[in-house]
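J.: Show me the folded form of this:
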Amino acid sequence: MPRPSVIIIVFGIIAGLSLTAHARAEPVRAALIIGNATYSALPGIPGCARSANTVAAALRALGFQVTERQDASTGGVDAGITEFSQHLANAGASGTGFIYICGYGTDFNDRTFVLPTTARIDRPSDVLTQGLLAKSMLTSMSRDPATIGVVVFDLIPKPDAPAKLAQDALTALPVPDGVAIIAATEATPADGPTPLATALIAALAGPEVRTDGLLASVRTQLPSSTLSLHAPARPGLLAGVPPAIAAPAIGAPVIAQKAPPPTAAVVPPPAPVAAAPAEKLPDEALMTETDRRAVQSALVRLGYYGSPVDGLFGPETRAAIRRFQHEIGGEMTRRLTADQATKLVNTH
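T.: Model (predicted):
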């Protein structure tokens, strides 16, 4: 018969391994971001591209695996939904999801449709074959009742549509208890992010983001006339780490201990911190790989760029540089001068 001390040690090893695995388990966070800005038969809305970029960058910073589609056709939206749904399915009950779509919307028979960039709506009924039923975005989030998530519709009414879409009906659709819905009808935005995207960026600042806190933050930043919300019956954690459980050393017996009474800690005042000197970068032709990565990181931080920081200035980086040059009123050459690069990396 095993001795009691052996039993205690074995139990301690098992408990330690179990708690360590639990502490290390990372929840799967998946996001689908769609920014439709360049339409074949409707005026462009470049603000949607910028909005999608900034929301995607904020979610990546929180650890989300982002599926991003810019100027998506019907097939592109469907492919994005499929990829996003697969990420959530792989997560099982621990999945956290976030969907954001910015583009034209229209109503037909009391249902809201999102328009892909290829849509050509000559008659109202054409939306049935060329539009995307907004409800389908909710369905992709609703397959597991345990999912915590947010679905955001940032919609601009089609030019000949009513100034406000049926967003109240949209947020009244049934969803799992852990899913929130945000719907806003925007005026055609300028080149910058929409008001809703700006509110989301502030609410996603982290380090901990909860669904109820996010909705409360958005509600305070936007007028109620343009906004409809569905609060989740079961608010949850979108990003951040819950308090960790310390695991005992392997082989140590598990002994219940009473927590010591709290004592007042004396915290010394923080020492003054000198301001960091401004980082200077050379002309693009003289940049090292480190310099190029710094440029891409700054473009991500400012919401101009949403692709990997790899030190390679491909078409997406060039487009992001052009947007930055437009913002600062510079010549849009897609190539950075030393002054522009320095200004970029030191802008916060």
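J.: how about the helix or strand harbouring L196: buried residues?
T.: For L196, the host element (DSSP states H and E) is helix 195-203. Residues of helix 195-203 classed as buried by neighbour count (16 or more other C-beta atoms under 10 Å): 195-201, 203. For every residue, glycine as well, the C-beta is placed using N, CA and C.
J.: Grab the nearest non-local neighbour of S136.
T.: I81 (7.2 Å; C-beta to C-beta, 6 or more residues apart in numbering).
J.: no no, P193
T.: S51 (4.5 Å).
J.: Show me the helices in the stretch 1-150 of the chain, by range?
T.: Under the criterion DSSP state H, counting those that start in this stretch, helices of the stretch 1-150 of the chain are mapped to 4-24, 46-61, 74-91, 127-130, 135-141.
J.: Could you tell me the least trusted of the ones you listed?
T.: Across those, helix 4-24 has the smallest mean pLDDT, namely a mean of 43.
J.: Low-confidence bits of the stretch 51-200 of the chain, can you list those?
T.: Within the stretch 51-200 of the chain, the ranges that satisfy pLDDT under 70 run 91-94, 142-143.
J.: quick one on the thing from earlier: next SSE downstream of the helix holding L196?
T.: Next along from helix 195-203, by DSSP H and E: strand 209-210.
J.: in its sheet, what does that following strand sit against?
T.: strand 237-239 (antiparallel) (DSSP bridges).
J.: Pull the distance from the strand it pairs with to the chain's centre.
T.: Distance of strand 237-239 from the chain centroid (C-alpha atoms, centre = their mean, to the nearest Å) equals 11 Å.
J.: buried residues in the helix or strand following it?
T.: Later in the chain than strand 237-239, the nearest helix or strand by DSSP H and E is helix 289-301. Residues of helix 289-301 classed as buried: 291-292, 294-296, 298-301 (neighbour count, 16+ other C-beta under 10 Å).
J.: how many degrees apart are helix 289-301 and helix 46-61 in direction?
T.: 110 degrees (axes from the mean of the first three to the mean of the last three C-alpha atoms, to 10 degrees).
J.: separation between the residue nearest to L88 when sequence neighbours are not counted and M141?
T.: Spatial nearest neighbour of L88, chain neighbours left out: G95 (4.5 Å); criterion: C-beta to C-beta, 6+ apart. Distance of G95 to M141, computed by C-beta to C-beta, to the nearest Å: 10 Å.
J.: Near S125, how many other residues are there?
T.: Using other C-beta atoms under 10 Å, S125 has 11 neighbouring residues.
J.: who's in contact with it?
T.: Going by C-beta atoms under 8 Å, 6 or more residues apart in numbering, S125 touches F108.
J.: what's the answer for the one 4 residues further on, then?
T.: The contact partners of T129, taken as C-beta under 8 Å, 6+ apart, number zero.
J.: any idea how far C48 is from P145?
T.: C48 is 31 Å from P145, by C-beta to C-beta.
J.: more neighbours, these two?
T.: Set side by side, C48 and P145 show more neighbours around C48, with 30 against 12, by other C-beta under 10 Å.
J.: beta partners for the residue nearest to the more buried one when sequence neighbours are not counted?
T.: Nearest residue to C48 in three dimensions, chain neighbours excluded: C102, at 3.8 Å (C-beta to C-beta, 6+ apart). Beta bridges link C102 to G35, D154 when assigned by DSSP bridges.
J.: distance of C102 from G47?
T.: Counting by C-beta to C-beta - C102 and G47 are separated by 8 Å.
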